[in-house]
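>>> Generate coordinates for the sequence data below:
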Amino acid sequence: MSVMARESFDKELQLLRLLFLTAGAYNRQQLAERLGISVHTLDKTMKKLKDIQSTFYQHVGDEEKKEYYTQLRYNYFEVTDNFLMFLYHAKSLKDSEVERLSHILEKLKQQPLSIKELLETFVDTEPDEKTIRQDMKYLEEIGVIKNVSEVRPYVYQFDDELLDSLTDDELLDLYDFIDFMANTQLPAVPGYLLQEKVKRYLKHRLKLTDASAFLYKYHFVSRILDEYQALLLTEAIRQRKIVEFHYYTPKRRKFYDSQNTNPTFQRDTTGQHQKAIPLRVIFDHQYGRWYLLAQGCGNGPLRKYRVEGMTKLVTGKSVTPEIFTSLQASADERIAHSWLIDTGKLVTVRLRFFQPRDTPHSFIQERVEAQGQWGIVTEESRESFVYEINVNSTMEITPWIRSFGSSVEVLEPLFLRKQFQKEWEELLAYYESV
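Predicted coordinates for the structure are as follows:
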């Protein structure tokens, strides 16, 4: 079983995102400036990632490690490792925590034990009861152990009943299924975590060095890193908890800021501190972005955040079910006619799509019907069809319309038609004879 640390790893997450998005175009100074940290801190973070990589590949020579480090920084598309799991392993656990948690899991796998019985199994080190209780609560929260008694003293056991009940062939089939789904479907993060657990179990039970039946390379790594944050927010919504975080809008030039502990050199961060009640997490398939819809605390307005700009995310107190249900219903009503998450004024959009010529197959209409959400086709002929939809403003639907190129004509509203006319005139000017 893979035990992960409890602390945040915002700096590493933002550094990897920046490396992926810039593909080696930034030097050390530029990376540090964009993150809002010093070059020294950047070097320390890179060294930490390199050290984690070295623990993965202890059998690899120094030259190959050096080459791998270069790929991580400049040619990450050539690296086949799962960077999400790379980040999870990069979360620091103290050596004492690793030993203690491993000892607890080992003993609970042998037989169910109470906290008092667990304390008696420690010989060289004797942790106090409070520390063990915190460890047990953490392990129970992440689903590694479970309570099997109804009265005190509570008895805990290692939670592996599902995997133990499967035959070897069933276990391999389960791993292949998880491997395929995690690399092809959203959300992918739970699949990666489950895949890691099953892989470790396979290695222990069947002594397999590599159980992979498929080879994948997901090229949009930054989306997966954002999805990790999105799942933390989804859990906060499930528990109706208030969240606090620092937010960096897309317009700002920084993704992160160093935390200055020396009061003499204290400075204001560019990130804005936010406190809100999370209501919905929404994924934009067009751009591969995650969004949070949240209600500002203290009768604040309904807010929209890009998840990629959120760091230092923590949860606070829970909201009562009545208040949360009311806020969520109000938010759902506000976005009922939004193409994605827009809460602007309702407007009717009418579009004429032109059928492809010299082919009986209308892939244009198939795409419109598949992606057009609640819009309807109002007129249809062999040459074209008219599509109509009511949406909250035209800002979010515009890129989708634009993606059809010359196969679409905007009929209504007039201001959107004029906007497209201006865009096409600008494009035409680019292609005039020289």
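>>> What residues does Cys32 make contact with?
Rather than Cys, residue 32 is Ala. Ser38, Val39, Thr41, Leu42 (C-beta atoms under 8 Å, 6 or more residues apart in numbering). In this view, the C-beta of every residue, glycine as well, is placed from N, C-alpha and C.
>>> ranges for the helices of the stretch 51-200 of the chain?
62-74, 83-90, 95-110, 115-121, 129-141, 161-165, 168-182, 189-206 (DSSP state H, counting those that start in this stretch).
>>> now these in TSV, with mean pLDDT, mean neighbour count and distance to Glu423?
Below are the helices of the stretch 51-200 of the chain laid out as TSV (pLDDT from 0 to 100; neighbours: other C-beta atoms under 10 Å; distance: least, C-beta to C-beta, whole Å):
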stretch	mean pLDDT	mean neighbour count	distance to Glu423
helix 62-74	57	14	36
helix 83-90	59	19	37
helix 95-110	77	15	57
helix 115-121	87	14	67
helix 129-141	83	14	51
helix 161-165	75	11	55
helix 168-182	86	16	39
helix 189-206	78	17	37
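>>> could I get those helices as JSON lines with distance to Leu231?
Listed next are the helices of the stretch 51-200 of the chain as JSON lines, based on distance: least, C-beta to C-beta, whole Å:
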{"stretch": "helix 62-74", "distance to Leu231": "24"}
{"stretch": "helix 83-90", "distance to Leu231": "11"}
{"stretch": "helix 95-110", "distance to Leu231": "22"}
{"stretch": "helix 115-121", "distance to Leu231": "30"}
{"stretch": "helix 129-141", "distance to Leu231": "14"}
{"stretch": "helix 161-165", "distance to Leu231": "21"}
{"stretch": "helix 168-182", "distance to Leu231": "13"}
{"stretch": "helix 189-206", "distance to Leu231": "5"}
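>>> Out of those helices, which is closest to Ala370?
helix 168-182 (21.3 Å; C-beta to C-beta).
>>> Mind checking which of the contacts of Ala32 are buried?
Leu42 (16 or more other C-beta atoms under 10 Å).
>>> which one of the contacts of Ala32 is nearest Asp159?
For the contacts of Ala32, the nearest to Asp159 is Thr41 (38.9 Å; C-beta to C-beta).
>>> Could you grab the helix/strand/coil label for that closest one?
Put simply, Thr41 is helix when judged by DSSP: H, G, I helix; E, B strand; the rest coil.
>>> Okay, it and His246: tell me how far apart.
Thr41 sits 17 Å away from His246, taking C-beta to C-beta, to the nearest Å as the criterion.
>>> go on, Gln295?
For Gln295 relative to His246 (C-beta to C-beta), the value is 19 Å.
>>> Which of the two has more residues huddled nearby?
Using other C-beta atoms under 10 Å as the criterion, Gln295 and His246 rank with Gln295 on top: 23 against 18.
>>> Any figure for the gap between the residue nearest to the more buried one when sequence neighbours are not counted and Thr320?
Spatial nearest neighbour of Gln295, excluding adjacent residues (C-beta to C-beta, 6 or more residues apart in numbering): Ile277 at 4.5 Å. Distance of Ile277 to Thr320, given as C-beta to C-beta: 11 Å.
>>> shared neighbours of the two, anything?
With C-beta under 8 Å, 6+ apart, Ile277 and Thr320 have common neighbours Arg240.
>>> More neighbours: which of those two?
Shown here are Ile277 and Thr320; by other C-beta under 10 Å, Ile277 has more neighbours (24 against 9).
>>> what about Val349, which helix or strand?
strand 346-354 (DSSP states H and E).
>>> List of residues touching that strand?
Contacts to strand 346-354, defined as C-beta under 8 Å, 6+ apart, come from residues 337, 364-365, 368, 375, 378, 383-394, 397, 401, 404, 406-413, 416.
>>> Selecting buried members of those in ChimeraX, what would you type?
To isolate the buried ones among these in ChimeraX, judged by 16+ other C-beta under 10 Å, type:
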select :337,364,365,368,375,384,385,386,387,388,389,391,392,393,394,397,401,407,408,409,410,416
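>>> where does the stretch 251-400 of the chain have low pLDDT?
In the predicted model, the stretch 251-400 of the chain carries pLDDT under 70 at residues 251-271.
>>> So which residues of it form strands?
272-284, 289-296, 302-306, 310-318, 346-354, 376-380, 384-392 (DSSP state E, counting those that start in this stretch).
>>> Distance to Phe158 added to these, as a markdown table?
Formatted as a markdown table, the strands of the stretch 251-400 of the chain follow (distance: least, C-beta to C-beta, whole Å):
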| stretch | distance to Phe158 |
| --- | --- |
| strand 272-284 | 32 |
| strand 289-296 | 34 |
| strand 302-306 | 38 |
| strand 310-318 | 27 |
| strand 346-354 | 55 |
| strand 376-380 | 54 |
| strand 384-392 | 50 |
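>>> Give the phi and psi angles for the residue lying closest to Val319 once chain neighbours are set aside, as a check.
Leaving aside its sequence neighbours, Val319 sits nearest to Arg240 (C-beta to C-beta, 6+ apart; 4.7 Å). Main-chain dihedrals, Arg240, degrees, to the nearest 10: phi 60, psi 40.
>>> what about Arg240, neighbour count?
19.
>>> Confirm for me that it is in contact with Ser318.
Yes. Taking C-beta atoms under 8 Å as the definition, Arg240 is a contact partner of Ser318 at 5.0 Å.
>>> Pull out the buried residues from the strand holding Val349.
In strand 346-354, the ones that count as buried by 16+ other C-beta under 10 Å are Val347, Val349, Arg350, Leu351, Phe353.
>>> Nearest to Asp168 among these?
Nearest member of the buried residues of strand 346-354 to Asp168, counting by C-beta to C-beta, is Phe353, at 53.3 Å.
>>> Domain ranges for this protein, per the record?
Annotated domains of the chain cover 10-91, 95-159, 163-206, 238-256+269-334, 346-430 [automatic domain parsing].
>>> Let me know which of those is the nearest to Ala230.
Closest approach to Ala230 among the domains of the chain is made by domain 238-256+269-334 (4.3 Å; C-beta to C-beta).
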